[in-house]
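>>> Next one to model:
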Amino acid sequence: MVQRGSGRTRLLLVTLLVTSLLLITLDLRGVSLVNSFRTGTQTILKPFQSLGSAIFSPIGNFFGDIANIGQANEKLDQLEAENKRLLEELAEAEDIKGELKQLKDVLDLAGRGGYKVVSAKVIAFDSAGNFEETVTLDIGSSSGVSRDMTVISGRGVVGVVKSVTSRSAIVQLISDPGFRMGVRIAGTQAMGILAGEGSSSFTLELLDARSTVNEGDVLLSRGSTGNRPFPPGLPVGVVTKVEDSIGALTKSATVRAFANLGSQGVVSVILSTKVDDPRDALVPKPPAPTPIPTVTVYLTPSPEPTKKNKSNRENG
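Residues are numbered from 1 along each chain as shown. Here you go, the predicted structure:
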């Protein structure tokens, strides 16, 4: 009795053997069934590949664009943050530059007047309309500051110290409506009283009706007993308008302060003086005139006529 499984196995072996011999024979004769099959498959599948690329490429590009937009937005946020930081650093540098300029100017004025000073930053400005105008400094009694000391900027008087703590001081500005100080006119030595009006303008009342005052006159501090609160000779302001009132017992004028009270960031407090009276030595110098631009004109001489042109003109 012959088993069916054994017969099928022998038939399979014989078929594989014949197929192998056939492939070897075809390969020896240069016939490549694998390459032919691959080429045929590619030819059949090529239209489907093109269709798939046309369908799925936009989808892939869409998601790629979304990813690129996210990266671009992130980069834009980084650039905006960097730009903001640079602008802040630039503003801080400009602020420091301005403070250094103010510090240089006030130390220059103190040096010319022979004043011993301590410099401070203005940390607060308090303006209550027509009632009180003060600033707060970041130094106090621990730095030698006390009441009734004069505060100056690089251009002149700012105010007088009214109260102090160990690390701060409150200064009454010369623009305060309650402020009064004795002044004199540089050159003529005519004396008067300067009164604040809550703005950058002040009122001057001359003590002697026979004295004269003119627009452009410079006012200096008259000085106090013991130089407190005001040493003499400090620049205060300039006369901008003279009031001519017939029959008035005193002459009055409008004055503009030299110190820019609203934008002063650095000031100095006068602790003591070395010179009794500098007289008119601290009168501010007038600003240098703006140079007039010049234009240079170059004249080009006419070319000499050639001999041929000269001969033609003579014949003509």
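>>> what about the nearest residue to A195 once chain neighbours are set aside, neighbour count?
Excluding the flanking residues, the one nearest A195 by CB to CB, 6 or more residues apart in numbering is T203, at 4.8 Å. Every C-beta, even on glycine, is put in place using the N, C-alpha and C of the backbone. Using other CB atoms under 10 Å, T203 is surrounded by 15 other residues.
>>> now the one 3 residues further on
By the measure other CB under 10 Å, the count of residues near L206 is 19.
>>> Next, it: phi, psi?
phi -70, psi 140 (degrees, to the nearest 10).
>>> Now do it, the pLDDT please.
Note for L206: predicted pLDDT of 93.
>>> repeat for the one 10 residues further on
What the model reports as pLDDT for G216 is 94.
>>> cool, P278 as well?
pLDDT, P278: 87.
>>> quick one: it from L107, how far?
16 Å (CB to CB, to the nearest Å).
>>> Which secondary structure element of this protein has the lowest mean pLDDT?
helix 307-315 (a mean of 55; mean pLDDT, DSSP states H and E).
>>> Sketch out the low-pLDDT regions of the chain for me.
For the chain, applying pLDDT under 70 flags the ranges 1-6, 14, 18, 20-67, 92, 127-131, 245-248, 287-316.
>>> now do 80
Flagging of the chain using pLDDT under 80 yields the residue ranges 1-73, 85-95, 127-132, 199-200, 244-250, 275-276, 286-316.
>>> Regarding it, what is its longest strand?
Counting by DSSP state E, the longest strand found in the chain is strand 115-127.
>>> What is that one packed up against?
helix 33-113, strand 133-137, strand 266-273 (3 or more CB pairs under 8 Å, 6 or more residues apart in numbering; DSSP states H and E).
>>> Sheet-wise, list the partners of the second one with their directions.
Applying DSSP bridges to the sheet, strand 133-137 is found paired with strand 115-127 (antiparallel), strand 169-173 (antiparallel).
>>> count of neighbours near L90?
Neighbour tally, L90, other CB under 10 Å: 10.
>>> before we move on, what about E197?
E197 - counted by other CB under 10 Å - has 15 other residues nearby.
>>> what's the answer for the one 5 residues further on, then?
Number of residues near F202 (other CB under 10 Å) recorded here: 25.
>>> what sits against it?
174-175, 194-196, 237, 254-257 (CB atoms under 8 Å, 6 or more residues apart in numbering).
>>> same thing but at 10 Å, please
174-175, 179, 181, 183, 194-196, 219, 236-237, 239-240, 253-257 (CB atoms under 10 Å, 6 or more residues apart in numbering).
>>> what are the bridge partners for it, then?
F202 forms beta bridges with G196, V255, as assigned by DSSP bridges.
>>> about what we covered before: so for L16, which of the strands paired with strand 133-137 sits nearest?
Across the strands paired with strand 133-137, L16 has its closest neighbour in strand 115-127 (101.0 Å, CB to CB).
>>> For G178, what are phi and psi?
Phi and psi for G178, reported as degrees, to the nearest 10, are phi -90, psi 0.
>>> you'd agree it is up against V160?
No. Using CB atoms under 10 Å, G178 is not in contact with V160, being 11.3 Å away.
>>> burial count for L109?
21.
>>> Would you confirm that it contacts P284?
Yes. When contacts are counted by CB under 10 Å, L109 is listed as touching P284 (9.2 Å).
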